[in-house]
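Novice: the sequence isn't on hand, but the structure is:
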């Protein structure tokens, strides 16, 4: 299980979410979390990111289970993670 | 050609270009050289700097020449943060900032800095009470654009400056890129400010960071003598001279220029409101040079290209964001995803004419009707 986080350095929503992600990461310390920059990391291009950033992708055995797009509250991200972990 | 993208960049003024050419041809010495040609070149830079300082009512020593606003913003934000991190690591900004403000802040967050966004009201203006509540003992920087490039929102910079005087440990940086030559603003309570010459009919590749006396920044570029120790590199004499000229020219007859743009904006706004399917995003309080609107259901790129076919040039969003992505600025003000996804920006100047706007409106109306029919 791992979370792929895709953002861009120029994106204000990504900056806004960075703080929320930091809080979430503290609560899920055993979860692998990989950060990719849309422009700098070639790996990000594998995930077909749409128009909106940032994007969180939940993977199990390197297969995408679901994604969370755009600005989200800490509670929403936690709920999304818990649902994905439980499923 | 009808150019309605003056907020992205402006055509260089002939007199400015002439100054650039003359300075390039007649002052070939490196301003750092100690021989006569160097001394003459250095004197010309000093004269130009004094002129810029007089026009902006600041001291010549407070002017740092850069390659443009992006570098100025980076130098101000990273420079203050790194220099004063022993005081605190908290920075405040808004969601309306340019990517050259957002990106250094993301960089600083990775270094352990904390960034908070101040709330905006329904017109996109800063909520001063919220700003007050965000200010802390460890806040070292507030960075805010005086005018947002996408919507033309004018922020209460002087009020913010007065408020921040109560927080002597906190510096105030203002991105003046979209306001120089358009808005009359006192720099009295501002610690640092950025701007670029190409936004006011100057050359591309030259900008300024104003840094008030007594303030220090960690430079981005180390080594090599320049006009100041804060930004190294051989001084770009012809660009500096041309910047001084462009600034002098844009500030001449500024009231007349503003009046003309106001009239054009009024005409444009009234006519846009008559076109079915258009929602205007820029509030009445926005500067008249910028008018942002949305056409929900039609991709802004499609409309942009339809206009381009008729040699009319407007912008979808700022040139420094991802093409096709919804506008964060429009969303933060309208809270409407459809408007954010379909926003277009017309930016006009004192060089624009009513005839140009009439043609634009006619072509736009026909393009919207055609595209709406296609989607039905």
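Specialist: That came through, no problem. Nothing here was measured: the structure is a model prediction, and the numbers come from that model.
Novice: identify the residues contacting residue B:67.
Specialist: B:205-207 (C-beta atoms under 8 Å, 6 or more residues apart in numbering or on different chains). Every C-beta, even on glycine, is put in place using the N, C-alpha and C of the backbone.
Novice: from residue B:100, how far out is it?
Specialist: Look at residue B:67 and residue B:100: by C-beta to C-beta, to the nearest Å, they are 11 Å apart.
Novice: again, but for residue B:140
Specialist: 19 Å.
Novice: once you drop chain neighbours, what's closest to whichever residue of the stretch 151-300 of chain B sits closest to chain A?
Specialist: Nearest to chain A in the stretch 151-300 of chain B, going by C-beta to the nearest C-beta, is residue B:299, at a distance of 10.3 Å. For residue B:299, ignoring the flanking residues on the chain, the nearest one in space by C-beta to C-beta, 6 or more residues apart in numbering or on different chains is residue B:342 at 7.0 Å.
Novice: residue B:43: which of the contacts of residue B:67 is nearest?
Specialist: In terms of C-beta to C-beta, no member of these lies closer to residue B:43 than residue B:206, at 18.9 Å.
Novice: got a list of what that closest one touches?
Specialist: Counting by C-beta under 8 Å, 6+ apart, residue B:206 touches B:65-68, B:196-198, B:236, B:239-240, B:242-243.
Novice: please redo it, this time with the cut-off set to 7 Å
Specialist: Neighbour list for residue B:206: B:65, B:67-68, B:197, B:236, B:239-240, B:243 [criterion: C-beta atoms under 7 Å, 6 or more residues apart in numbering or on different chains].
Novice: what of residue A:65?
Specialist: Contacts of residue A:65 (C-beta under 7 Å, 6+ apart): A:58-59, A:84.
Novice: can you do 6 Å?
Specialist: Neighbour list for residue A:65: A:58, A:84 [criterion: C-beta atoms under 6 Å, 6 or more residues apart in numbering or on different chains].
Novice: secondary structure element for residue 20, which one?
Specialist: Picked chain A for this. Assigned by DSSP states H and E, residue A:20 belongs to helix A:12-27.
Novice: that was the other one, I meant chain B.
Specialist: Residue B:20 is part of helix B:14-26, with elements assigned from DSSP H and E.
Novice: tell me which other helices or strands the helix or strand just after that helix touches.
Specialist: The element immediately downstream of helix B:14-26 (helix or strand, assigned by DSSP H and E) is helix B:36-56. Other elements packing on helix B:36-56 under the criterion 3 or more C-beta pairs under 6 Å, 6 or more residues apart in numbering or on different chains; DSSP states H and E are helix B:237-251.
Novice: would you indicate which residues of the helix it packs on are buried?
Specialist: If you call a residue buried by 16 or more other C-beta atoms under 10 Å in any protein chain shown, then helix B:237-251 has these buried ones: B:237-250.
Novice: output those residues as TSV; include the columns pLDDT and distance to residue B:75.
Specialist: Listed next are the buried residues of helix B:237-251 as TSV, based on pLDDT from 0 to 100; distance: C-beta to C-beta, whole Å:
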residue	pLDDT	distance to residue B:75
B:237	97	20
B:238	98	22
B:239	98	17
B:240	98	17
B:241	98	22
B:242	98	21
B:243	98	16
B:244	98	20
B:245	98	24
B:246	98	21
B:247	98	19
B:248	98	24
B:249	98	26
B:250	97	23
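Novice: nearest to residue B:357 among those residues?
Specialist: Closest approach between the buried residues of helix B:237-251 and residue B:357, by C-beta to C-beta: residue B:250, at 21.5 Å.
Novice: quick check: closest non-adjacent residue to the closest one.
Specialist: residue B:181 (3.5 Å).
Novice: count of neighbours near that neighbour?
Specialist: Residues contacting residue B:181 under the criterion other C-beta atoms under 10 Å in any protein chain shown number 25.
Novice: before we move on, which element is it in?
Specialist: Per DSSP H and E: residue B:181 is located in neither a helix nor a strand.
Novice: may I ask you to confirm that it is in contact with residue B:198?
Specialist: No: with contact defined as C-beta atoms under 6 Å, residue B:181 and residue B:198 do not form a contacting pair (11.7 Å).
Novice: which residues are in contact with the helix holding residue A:20?
Specialist: A:7-8, A:33, A:53-54, A:71, A:74, A:77, B:95, B:102, B:105-106, B:109, B:117, B:328.
Novice: who wins on neighbours among the residues you listed?
Specialist: Neighbour counts for those (other C-beta under 10 Å) peak at residue B:102, which has 28 neighbours.
Novice: which SS state does that one fall under?
Specialist: Following DSSP: H, G, I helix; E, B strand; the rest coil, we place residue B:102 in the helix state.
Novice: could you check how far the nearest residue to it once chain neighbours are set aside is from residue B:13?
Specialist: Spatial nearest neighbour of residue B:102, excluding adjacent residues (C-beta to C-beta, 6+ apart): residue A:12 at 4.9 Å. In this view, residue A:12 and residue B:13 are 33 Å apart by C-beta to C-beta.
Novice: which one of those two is surrounded by more residues?
Specialist: residue A:12 (27 against 19).
Novice: okay, now residue 15: neighbour count?
Specialist: Unless you meant another one, I'm taking chain A. 26.
Novice: sorry, I should have been clearer: chain B.
Specialist: For residue B:15, the neighbour count with other C-beta under 10 Å is 14.
Novice: so residue B:192 sits right up against residue B:76, yeah?
Specialist: Yes: counting by C-beta under 6 Å, residue B:192 does reach residue B:76; the two are 4.4 Å apart.
Novice: contacting residues around the helix or strand that contains residue B:173?
Specialist: Residue B:173 belongs to strand B:171-175 when assigned by DSSP H and E. By C-beta under 6 Å, 6+ apart, the residues outside strand B:171-175 that reach it are B:73, B:76, B:80, B:141-143, B:145-146, B:157, B:161, B:164, B:190-194.
Novice: show me which residues of chain A sit near chain B.
Specialist: A:9-10, A:12-13, A:15-16, A:18, A:51 (C-beta under 6 Å from any C-beta of the partner chain).
Novice: nearest to chain B, of these?
Specialist: For those, the closest approach to chain B (C-beta to the nearest C-beta) belongs to residue A:10, at 3.3 Å.
Novice: not counting sequence-adjacent ones, nearest residue to residue A:70?
Specialist: The shortest distance from residue A:70 to any residue other than its chain neighbours is 5.1 Å, reached at residue A:52 (C-beta to C-beta, 6+ apart).
Novice: residue of chain B with the smallest distance to chain A?
Specialist: For chain B, C-beta to the nearest C-beta, closest residue to chain A: residue B:99, 3.3 Å.
Novice: give me the most central residue, chain B.
Specialist: The residue lying closest to the centre of chain B (C-alpha atoms, centre = their mean) is residue B:177, at 2.2 Å.
Novice: what about residue 27, neighbour count?
Specialist: Looking at chain A here, since you left the chain open. Residue A:27 has 12 neighbouring residues, counting by other C-beta under 10 Å.
Novice: please go with chain B instead
Specialist: Residues lying near residue B:27 (other C-beta under 10 Å) number 20.
Novice: same question, residue B:44
Specialist: Residue B:44: 21 neighbours (other C-beta under 10 Å).
Novice: now swap in the one 10 residues further on and tell me
Specialist: Residue B:54 is surrounded by 13 other residues when neighbours are defined as other C-beta under 10 Å.
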